[in-house]
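# Coordinates only, no sequence provided:
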């Protein structure tokens with residue numbers, strides 16, 4: 001007994017049990033077994049906000065690998081916990097690696113990183129993939145992986161049902177929410193201080209993006225590169241309601257930068273954004289954030305990960 005060696009735990013899987021109803025091992029026992037098979041602990045959340053607390057605890061304890069198991073919201077909640085633990089203020093070599101076990105509906109960030117959607121392959125990639133460092137964004141005190149935005153998408157988010165049973169239903173509900181938002185939203189004038197230069201646009205929508213897709217798979221920033229040290233700024237100009245409805249498929253496919261007149265697109269490192277009207281809200285990834293003004297910046301190569309070769 002005294003000569004037996006116990007293999008060191010390689011990391012932790014932080015699970016949102018509400019995710020993953022349609023993919024791979026989808027109950028707690030199977031996921032626990034999968035984690036233990038790879039030398040990992042599994043800690044499920046029990047209530048809203050738990051993933052952030054668990055991630056903060058693990059980061060403070062010196063855990064070398066933290067894997068978020070769930071959808072895009074779960075990924076962000078785990079990253080927020082790591083941020084609260086001061087991970088992104090540490091020297092890069094002292095930061096834990098981050099992994100994703102994609103169990104959500106869209107898994108935008110995981111898909112953008114070309115991570116496997118199969119849970120076993122996703123864990124093996126997090127353990128043995130090619131080391132890489134990816135950018136994150138920060139809006140005020142909140143990290144984001146995908147994008148922040150103002151304009152019609154905030155109105156659409158307010159109209160979007162928060163619970164949809166399937167990917168198809170979420171896309172359908174999202175389309176209806178956008179159409180509803182268009183009927184009530186009026187383009188506004190926004191002001192941007194971009195890397196020290198003042199700009200002003202009357203716009204339907206403005207996005208500052210870290211990765212290419214957001215929401216129900218809209219390719220709002222088709223030229224975004226996750227490790228280039230930049231954010232991508234996209235301004236959709238003021239259009240007629242009919243013109244914006246006709247532009248939605250173009251924006252969804254990421255063709256707006258080439259085929260939609262008046263679109264402004266550039267790479268930036270820091271943006272201060274505000275509106276001519278007080279009280280406008282900021283969308284941060286899939287949630288509503290604080291009111292404007294907002295200070296937005298890139299955190300270049302902030303997140304150590306292991307990605308497919």
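Perfect, thanks for sending it. These numbers were taken from a predicted model, which means no experiment stands behind them. Residues are numbered from 1 along each chain as shown.
# Could you use CA atoms for every contact and neighbour count after this?
Noted.
# Would you pull up how far stretch 63-73 lies from the middle of the chain?
13 Å (Cα atoms, centre = their mean, to the nearest Å).
# got the contact list for that stretch?
The contact list for stretch 63-73, computed with Cα atoms under 8 Å, 6 or more residues apart in numbering, reads 10-20, 55, 58-59, 74-75, 78, 95-109, 126, 286.
# rerun at 7 Å
For stretch 63-73, contacts defined as Cα atoms under 7 Å, 6 or more residues apart in numbering pick out 10-16, 19-20, 74-75, 78, 96-105, 107-109.
# Also stretch 243-257?
218-222, 263.
# May I ask which of these has the most neighbours?
Per-residue neighbour counts (other Cα atoms under 10 Å) across the contacts of stretch 243-257 peak at residue 220, which has 31 neighbours.
# Could you check how far that residue is from residue 249?
Distance, residue 220 to residue 249, using Cα to Cα, to the nearest Å: 11 Å.
# now do residue 36
The gap separating residue 36 from residue 249 is 44 Å, by Cα to Cα.
# With residue 147 instead?
From residue 147 across to residue 249, the span is 19 Å (Cα to Cα).
# what about those two, which has more around it?
Of the pair residue 147 and residue 249, residue 147 is the one with more neighbours under other Cα under 10 Å, namely 28 against 13.
# Tell me what the residue nearest to that one when sequence neighbours are not counted is bridged to.
Nearest residue to residue 147 in three dimensions, chain neighbours excluded: residue 209, at 4.0 Å (Cα to Cα, 6 or more residues apart in numbering). Beta-bridge pairing for residue 209 (DSSP bridges): residue 147, residue 232.
# burial of residue 209, as a residue count?
When neighbours are counted by other Cα under 10 Å, residue 209 registers 32.
# Can you identify the element that follows the helix or strand harbouring residue 183 toward the C-terminus?
Here residue 183, judged by DSSP states H and E, is contained in helix 167-184. Downstream of helix 167-184, the next assigned helix or strand under DSSP H and E is strand 188-194.
# can you pull the buried residues of that following strand?
Buried residues in strand 188-194, counted by 16 or more other Cα atoms under 10 Å: 188-192, 194.
# pLDDT on stretch 208-228, on average?
Regarding stretch 208-228, the rounded mean pLDDT is 88.
# picking up where we left off before, mind checking which of the contacts of stretch 243-257 are in helices?
Using DSSP state H, no member of the contacts of stretch 243-257 falls within helices.
# can I get those in CSV with distance to residue 201?
Below are those laid out as CSV (distance: Cα to Cα, whole Å):
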residue, distance to residue 201
218, 22
219, 21
220, 18
221, 18
222, 21
263, 11
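# Residue 54 and residue 245: what is the separation?
42 Å.
# do the same with residue 203
15 Å.
# Could you check which of these two is surrounded by more residues?
Neighbours of residue 203 and residue 245, each counted by other Cα under 10 Å, are more numerous for residue 203; the result is 21 against 14.
# State the helix or strand in which that one lies.
Using DSSP H and E, residue 203 falls within strand 197-209.
# Pop the domain breakdown of this protein in here.
The chain breaks down into these domains under automatic domain parsing: 11-128, 144-303.
# Can you lay out those as a markdown table showing distance to residue 135?
Putting those into a markdown table (distance: least, Cα to Cα, whole Å) gives the following:
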| stretch | distance to residue 135 |
| --- | --- |
| domain 11-128 | 11 |
| domain 144-303 | 4 |
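# comparing these, which gets the lowest mean pLDDT score?
Mean pLDDT per stretch puts domain 144-303 lowest among the domains of the chain, at a mean of 84.
# Just give me how far that one sits from the chain centre.
For domain 144-303, the distance to the chain centre is 13 Å (Cα atoms, centre = their mean).
# Helix, strand or coil: sort out residue 109 for me.
Here residue 109 is helix, with the state taken from DSSP: H, G, I helix; E, B strand; the rest coil.
# again but with residue 244, I slipped
When classified by three-state DSSP, residue 244 comes out as helix.
# what does residue 14 give?
Three-state call for residue 14 (three-state DSSP): strand.
# looking at it, it is touching residue 41, isn't it?
No - here residue 14 lies out of contact with residue 41, judged by Cα atoms under 7 Å, at a distance of 8.5 Å.
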